[in-house]
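Colleague: coordinates only, sequence not included:
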Ligand code: NAD
């Protein structure tokens with residue numbers, strides 16, 4: 001198996017690469033533009049493997065992408081490359097349109113033309129796995145049942161609208177051209193190596209630095225949280241066993257209000273990195289809400305569980321503890337490196 005992964009130097013992509021190098025004998029070609037969101041430290045352990053190769057290019061660079069297909073002849077594509085931060089999509093949507101929509105189109109077309117050159121048995125086995133988000137389903141009413149794979153799309157932010165557009169392109173390429181695709185829509189991820197702009201690492205780093213912990217609005221926005229290694233495992237299951245043309249929702253069954261997440265981070269820090277006088281929770285402050293902020297997302301992941309036997313291994317409290325422990329170790333390692 002030779003997998004072309006895009007965005008493999010990002011938070012989730014690097015977890016997938018680590019998972020695949022550790023648990024399979026696959027060869028991995030990682031196409032990544034290495035934007036501000038990439039972190040090659042997260043790939044340190046796999047970079048030495050002769051089954052791993054980084055190709056630092058933009059998915060919008062059609063000739064370069066075509067060359068990758070020609071040279072490496074992958075059996076499958078797993079597409080994670082994206083602009084992924086909602087706040088950035090509000091202040092600067094152009095990059096989201098460029099990468100998430102136009103870039104996905106460019107990659108899809110290059111994949112389709114390559115796929116057409118394959119002999120029949122390889123053409124049947126080929127997969128294009130598109131990794132997407134539950135945010136495409138939009139805002140969920142407080143008492144409504146969780147999102148299923150047939151929930152209509154009503155994206156709210158430039159980010160989720162760009163991801164929704166890319167999902168539509170993928171499905172159209174399947175329906176119109178027969179490209180063998182699978183789509184996954186996942187809830188909020190957390191875990192080691194996440195970029196510091198995202199909620200959980202932002203709160204951990206600000207708490208440890210003694211800075212204010214900014215909570216949007218009243219902090220009652222509810223999200224379903226999934227530990228990143230559980231997501232990596234689910235993506236693997238879908239790629240090898242998912243039915244062509246199908247969508248699978250992936251979630252952690254861990255629905256929490258943002259303020260509860262922040263309080264739990266503070267409690268764990270009080271235990272793992274205690275301060276003499278006060279609790280980290282005293283740093284919590286409320287700031288103006290994000291425009292168009294969705295109140296609730298929740299995922300019904302029964303389809304992937306029943307069909308493919310996947311379920312999350314981590315509870316929210318075990319995953320959050322691991323994340324904070326990792327963060328504390330990583331921070332002290334970085335401090336040691338910067339002082340030597
Ligand atoms: P990330 O921002 O951490 O990483 C994105 C990666 O894509 C980076 O390595 C970046 O360099 C690369 N990239 C960006 N633009 C590129 C381009 N034009 N060409 C090539 N590479 C490019 O993102 P993430 O959090 O790891 O998310 C990965 C995917 O999973 C995204 O598609 C995202 O929409 C989806 N997703 C994320 C979450 C989450 O909670 N983080 C949840 C569900 C789905």
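Modeller: Looks like it came in fine. What you see is a predicted model, and the numbers here were worked out from it, not measured in a lab.

Colleague: and the residue of the protein closest to the ligand?
Modeller: residue 10 (2.0 Å; C-beta to the nearest ligand atom). (Each C-beta comes from the backbone N, C-alpha and C, glycine too.)

Colleague: which residue packs closest to that residue, ignoring adjacent ones?
Modeller: Excluding its sequence neighbours, the residue lying closest to residue 10 (C-beta to C-beta, 6 or more residues apart in numbering) is residue 37, at 5.4 Å.

Colleague: related to what we said a few turns ago, who's in contact with the residue of the chain closest to the ligand?
Modeller: 32, 37-39, 80-81, 84, 195 (C-beta atoms under 8 Å, 6 or more residues apart in numbering).

Colleague: do residue 136 as well
Modeller: Counted by C-beta under 8 Å, 6+ apart, residue 136 has contacts 153, 155, 160, 163-164, 167, 185.

Colleague: by neighbours, which of these wins?
Modeller: residue 163 (29 neighbours; other C-beta atoms under 10 Å).

Colleague: wait, that residue touches residue 83, no?
Modeller: No - using C-beta atoms under 8 Å, residue 163 makes no contact with residue 83, being 9.6 Å away.

Colleague: do you have the strands of the chain handy? List them.
Modeller: For the chain, the strands defined by DSSP state E cover 2-6, 27-31, 52-55, 76-79, 127-133, 181-186, 188-190, 213-216, 222-227, 247-250, 255-257, 284-287.

Colleague: which of those sits closest to residue 20?
Modeller: When the strands of the chain are compared by C-beta to C-beta, strand 27-31 sits nearest residue 20, at 5.8 Å.

Colleague: could you give the mean pLDDT of that closest one?
Modeller: For strand 27-31, mean pLDDT rounds to 98.

Colleague: tell me what that strand is packed against?
Modeller: strand 2-6, helix 11-23, strand 52-55, helix 62-72 (3 or more C-beta pairs under 8 Å, 6 or more residues apart in numbering; DSSP states H and E).

Colleague: that one: which residues count as buried?
Modeller: By 16 or more other C-beta atoms under 10 Å, the buried positions in strand 27-31 come out as 27-31.

Colleague: just stretch 66-75 next, same as before
Modeller: Buried residues in stretch 66-75, counting neighbours by 16+ other C-beta under 10 Å, are found at 66, 68-69, 74.

Colleague: any residue of that stretch up close to the ligand?
Modeller: No - if you take C-beta under 6 Å from any ligand atom as the test, stretch 66-75 misses the ligand, and the best it gets is 11.2 Å.

Colleague: show the average pLDDT along that stretch.
Modeller: On average, stretch 66-75 scores 98.

Colleague: between residue 163 and residue 83, which contacts overlap?
Modeller: residue 100.

Colleague: in the stretch 101-250 of the chain, which spans are helices?
Modeller: 104-116, 120-125, 158-177, 199-208, 228-241 (DSSP state H, counting those that start in this stretch).

Colleague: Throw those helices into TSV and include mean pLDDT and distance to residue 326, thanks.
Modeller: As requested, the helices of the stretch 101-250 of the chain are arranged in TSV below (pLDDT from 0 to 100; distance: least, C-beta to C-beta, whole Å):
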stretch	mean pLDDT	distance to residue 326
helix 104-116	98	31
helix 120-125	97	36
helix 158-177	98	26
helix 199-208	96	10
helix 228-241	98	11
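
Colleague: looking at these, spot the one closest to residue 289.
Modeller: Per C-beta to C-beta, nearest to residue 289 of those: helix 199-208, 13.8 Å.

Colleague: so residue 141 touches residue 296, yeah?
Modeller: Yes - Residue 141 is in contact with residue 296 according to C-beta under 8 Å; the separation is 7.3 Å.

Colleague: with neighbour numbers in mind, choose between the two.
Modeller: Neighbour count, other C-beta under 10 Å: between residue 141 and residue 296, residue 296 has more, with 19 against 8.

Colleague: not counting sequence-adjacent ones, nearest residue to residue 317?
Modeller: In space, residue 317 is closest to residue 264, 7.2 Å off (C-beta to C-beta, 6+ apart).

Colleague: just give me the neighbour total for the one you found.
Modeller: 18.

Colleague: before we move on, what about residue 318?
Modeller: 11.

Colleague: also residue 119?
Modeller: Neighbours of residue 119 under the rule other C-beta under 10 Å: 7.

Colleague: who in the stretch 151-300 of the chain is up against the ligand?
Modeller: 163, 186, 188-189, 195.

Colleague: hmm, try it at 5 Å
Modeller: Within reach of the ligand by C-beta under 5 Å from any ligand atom, the stretch 151-300 of the chain has these residues: 186, 188-189.

Colleague: quick revisit: the contacts of residue 136: which two are farthest apart?
Modeller: Taking C-beta to C-beta, no two of those sit farther apart than 155 and 185, at 11.5 Å.

Colleague: give me the common contacts of these two.
Modeller: Contacts common to residue 155 and residue 185, judged by C-beta under 8 Å, 6+ apart, are 136-137.

Colleague: of the contacts of residue 10 - the most surrounded one?
Modeller: That'd be residue 81 among the contacts of residue 10, by other C-beta under 10 Å, with 28 neighbours.

Colleague: list phi and psi for it.
Modeller: phi -60, psi 130 (degrees, to the nearest 10).
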